[in-house]
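# Sequence first, then the predicted structure:
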Amino acid sequence: RSIGALGIIMIDNPMCPGTGHRICNDCMKACIYQKQDPVNIPQIETRTLTDVLYLPWGFEIYSLLTRWNPINVQRPYELPYNGKNVMVVGMGPAGYTLSQYLLNEGFGVVGVDGLKIEHVHPDITGGRDKDGNYITPKPVYKYKEIQDELDKRIFLGFGGVSEYGITVRWDKNFLKVEFLTLARRKHFKVYDGIRFGGTIEIEDAWKLGIDHIAIATGAGKPTIVKMKSNLIRGIRKASDFLMALQLTGAAKKDSLANLMLQLPAVVIGGGLTAIDTATEAFAYYPVQVEKFLDRYEASAAEFGEEKVMSMYDEEEKGIVKTFLEHGAAVRAERKRAADAGESPNFVPMVRSWGGVTLCYRKTINDSPAYRLNHEEVIKSLEEGIYYWEKMNPVEAIPNDYGAVKEIIFRKQGKTDEGKYIDLDEMVILQAKTVLVAAGTSPNVIYEREHPGTFELDEWKQFFQTYKLGENNELIKAEANETGFFTSYNKEGKYISVYGDNHPRYAGNVVKAMASAKDGYKEVVKIFRDNVKDEQPAGLEQNYLELVNRLDNEFLATVEQVNILTPTIIEVVL
Ligand SMILES: Cc1cc2nc3c(=O)[nH]c(=O)nc-3n(C[C@H](O)[C@H](O)[C@H](O)COP(=O)(O)OP(=O)(O)OC[C@H]3O[C@@H](n4cnc5c(N)ncnc54)[C@H](O)[C@@H]3O)c2cc1C
Ligand code: SF4
C-alpha cells in the first residue's frame with residue numbers, strides 16, 4: 001500500500017524527499033477543514049516516503065520509481081539518451097528537480113554548483129570506469145546503510161538552501177536520498193566548486209558540447225535594511241550566520257570552528273530564514289558556552305589560568321567571564337537532567353540571559369513565515385523565541401568597544417486599510433548580536449559581471465523572461481504570463497531560468513520544484529525532434545566524450561608526487 005501511495009505522490013512530485021513535513025504545507029492551507037485541524041498532508045507524504053524507505057530495499061524502490069513509475073501515464077519510464085546535453089547550474093531544489101525531469105526525457109545532464117559537494121563512495125553511486133563503461137552501484141538493502149547521524153553528519157553540500165539554509169528541524173538524510181538517486185543515473189554527472197560566470201562562462205559551455213543552460217542559482221543576495229550603523233561589529237546577515245553554522249559545523253562538539261554569538265540576540269525579519277536563524281541561535285548558545293568552558297578548562301590546566309586570561313583584551317575578558325558562568329550553568333543543568341533521567345531544559349536559562357527576540361515590522365500574521373509555513377512559527381514559540389511585532393529598526397548603538405549594544409526601533413501602526421505606518425514612538429532593545437534576515441534578491445550576478453548578456457526586468461531584479469514561439473523564436477512574457485527563457489539567444493542556443501531565480505516561482509521549495517516541473521517541458525520543445533522512444537546506436541559516445549572533456553576541465557587529478565627534499569614535497573595537479 002505504501003509503495004502504491006508513494007507512486008501516486010511521485011507522479012507530480014518525484015523529488016518528494018525534498019518536501020513534506022517541516023518544509024511545506026500549502027496543501028494544508030487549502031484543506032476544507034480550516035475550522036478544525038486540517039488534514040496534515042505533509043506529514044502523510046513524509047510518512048509514506050519513510051515507510052517505503054524503511055522497507056527492505058526501500059531506497060531502491062524509491063529510486064526505481066523516479067525512473068519507472070507505471071502509474072505515471074505521461075512518463076512511465078525514462079526515455080533513452082537523446083544526444084542533447086543540458087547544463088543545470090545550481091543544485092538546489094529547482095536544479096535537482098529539473099535534472100530529474102530532463103533525465104527522464106533522455107537528456108544528458110551536467111549539474112554544476114559553486115559549493116563543494118562531498119563525494120559519496122562509488123560503490124553506492126556507481127559511475128563509469130576510465131573506458132566509460134557504466135559500473136552498476138551496489139544495491140542498498142537497508143536505508144540505514146546510507147543514513148547519517150544528524151548531529152554528526154558531514155555537510156553533503158547538495159541541495160542548495162535546503163542544505164545550507166534550512167536547519168536541523170528537517171531530516172537532511174533526505175538530501176542524500178535525492179543526491180544518490182541522481183548520481184546513479186547513467187547520463188548525469190555533477191561537478192562541484194564550479195562557479196557559473198567564473199570557472200565556466202556561457203561560451204565555454206557551448207564549446208564543451210552543452211546544448212542548453214538552465215539557471216537555478218537561487219536568490220543569494222541579502223537585502224540591506226536601512227538602519228544607521230548597520231555594519232558595526234555584532235551585526236551580521238542571517239544567511240551568513242546560518243551558512244557559517246552549517247558549513248563549519250560549529251555546533252558539533254569536536255568542531256574547532258569559531259562562531260561567536262552573545263545574548264541578548266535580536267533577529268530582524270519575518271520570513272522562514274528569520275525563524276530558522278532565531279531557533280538556531282537559541283539552540284547554539286548553550287552548546288557554544290559549554291564548549292567554551294571545556295576548552296578554557298583544558299587550556300588553563302595546561303598553561304595556567306593567568307596565562308590564558310592574559311591573552312584576552314578588556315572586552316574579551318568580559319565575554320569570557322559571561323561564557324564561563326553560562327557554561328557552568330549549562331553543565332549543571334545537563335547533570336541535573338541526567339540524574340533525574342530527563343532531557344535538559346535550557347529554555348528558561350537562555351531566556352534569563354536575554355534570549356533571542358524576533359522583531360518584525362508587521363504583525364506575525366502578516367509575515368511570510370506565517371503564510372508559508374505557520375507550523376514553524378508555532379514550533380519557534382515552543383522553543384523559547386520571543387516575538388516583538390510592528391518594530392522597524394532605525395539605528396544600531398555601539399558600546400565603548402564599537403560593538404553593538406542596543407537597537408532603536410520605530411513602532412509601526414496599522415491603518416484600517418491594512419497599511420503599516422511609522423508611529424512617533426521609539427523603543428530601545430538591548431542586543432549584543434543582531435542577525436538580519438530582511439529577504440534576498442535573485443542571483444543575476446552573471447549579468448552584472450558580464451553586462452549585456454541578459455536583459456533584466458524593469459526593476460532590474462529578475463532576468464526578463466521569454467516564451468518560446470512556434471518556430472523557436474523568443475517572445476517577451478507579459479506581466480501575467482509565464483516564460484522560462486532568458487533573452488539569451490545565440491545561434492539557436494537558449495538559456496532558461498528556474499526556482500528562486502524565476503519571477504513567478506521564487507519563494508519556497510515547492511515553487512522551486514514546480515518551476516522545474518513546468519519548465520522542463522519548454523526545454524523539451526526546443527529539442528522536440530530529438531526526444532523519442534528509440535534512438536540510433538552510437539549516441540552514447542556523445543555523452544562519454546562530453547564527460548571526458550568536462551572531467552579534464554573541472555576535475556583536479558594528482559599527476560605526480562615528487563619528493564624534492566626531506567621536508568618539501570611537490571604535488572603536480
Ligand atoms: C533559512 C531558510 C529557511 C527556509 N525554509 C524554508 C521552508 O521551510 N520551506 C520552504 O519551502 N522554503 C524554505 N526556504 C526557501 C527555500 O529554501 C528556497 O526557496 C529554495 O531553496 C529555492 O531553491 P532554488 O533551487 O531556486 O535555489 P537554492 O536552494 O538557493 O539553490 C541555488 C544553488 O545554486 C548554487 N549557485 C549559486 N550561484 C551559483 C553560480 N554562480 N555557479 C554555480 N552555482 C551557483 C548555490 O550554491 C545553490 O546550491 C528557506 C530559505 C532559507 C534561507
Ligand atoms: S509538496 Fe505540496 S502536497 Fe506535498 S506536502 Fe508539500 S505542499 Fe503539500
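Looks like it came in fine. Ligands and ions are numbered 1, 2, ... in the order given.
# going forward, measure contacts between C-alpha atoms and count neighbours the same way
Fine.
# Which parts of the stretch 251-400 of the chain are helices?
272-303, 305-310, 314-340, 347-352, 368-382 (DSSP state H, counting those that start in this stretch).
# Reformat the ones you listed into a markdown table and put distance to ligand 1 and mean neighbour count next to each item.
Output for the helices of the stretch 251-400 of the chain, formatted as a markdown table (distance: least, C-alpha to the nearest ligand atom, whole Å; neighbours: other C-alpha atoms under 10 Å):
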| stretch | distance to ligand 1 | mean neighbour count |
| --- | --- | --- |
| helix 272-303 | 4 | 20 |
| helix 305-310 | 36 | 12 |
| helix 314-340 | 26 | 15 |
| helix 347-352 | 21 | 15 |
| helix 368-382 | 7 | 17 |
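# May I see the ones you listed arranged in CSV, with mean pLDDT as well?
Output for those, formatted as CSV (pLDDT from 0 to 100):
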stretch, mean pLDDT
helix 272-303, 95
helix 305-310, 95
helix 314-340, 97
helix 347-352, 96
helix 368-382, 90
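# Looking at these, which is nearest to Leu358?
Of all the helices of the stretch 251-400 of the chain, it is helix 272-303 that lies closest to Leu358, at 6.7 Å by C-alpha to C-alpha.
# near ligand 1, which residues of this structure?
Residues of the chain lying close to ligand 1 by C-alpha under 6 Å from any ligand atom are 23-24, 89-95, 112-115, 159-162, 165-166, 194-197, 216-219, 272-273, 276, 499-501, 507-510, 512.
# Next, format the helices of the stretch 251-400 of the chain as JSON lines and append distance to Ile563.
Formatted as JSON lines, these follow (distance: least, C-alpha to C-alpha, whole Å):
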{"stretch": "helix 272-303", "distance to Ile563": "37"}
{"stretch": "helix 305-310", "distance to Ile563": "40"}
{"stretch": "helix 314-340", "distance to Ile563": "45"}
{"stretch": "helix 347-352", "distance to Ile563": "54"}
{"stretch": "helix 368-382", "distance to Ile563": "56"}
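# Those helices: which one's closest to Leu79?
The minimum distance between Leu79 and the helices of the stretch 251-400 of the chain falls on helix 368-382, with 35.8 Å, by C-alpha to C-alpha.
# How about that closest one and ligand 2, touching?
No. Counting by C-alpha under 6 Å from any ligand atom, ligand 2 is not contacted by helix 368-382; separation bottoms out at 9.7 Å.
# Mind listing residues that contact that helix?
Contact partners of helix 368-382, identified using C-alpha atoms under 8 Å, 6 or more residues apart in numbering, comprise 22-26, 270-272, 275, 278-279, 364-365, 508.
# and the residue in the stretch 451-573 of the chain positioned nearest to ligand 2, how many residues sit next to it?
Nearest residue of the stretch 451-573 of the chain to ligand 2: Val510, at 5.8 Å (C-alpha to the nearest ligand atom). Val510: 23 surrounding residues under other C-alpha atoms under 10 Å.
# Doesn't it belong to a helix?
Yes. Under DSSP: H, G, I helix; E, B strand; the rest coil, Val510 sits within a helix.
# Next up, the contacts around it.
Per C-alpha under 8 Å, 6+ apart, neighbours of Val510: 19, 24.
# Show me the helices in the stretch 401-550 of the chain, by range?
Remark: helices assigned in the stretch 401-550 of the chain by DSSP H, counting those that start in this stretch are 445-449, 509-526, 540-554.
# and the last one, what's its mean pLDDT?
When you say that, I think you mean helix 540-554. The predicted model gives helix 540-554 an average pLDDT of 93.
# partner strands of the helix or strand that that helix is followed by, parallel or antiparallel?
Toward the C-terminal end, the helix or strand that comes next after helix 540-554 (DSSP states H and E) is strand 560-565. Each strand paired with strand 560-565, and its direction, by DSSP bridges: strand 568-572 (antiparallel).
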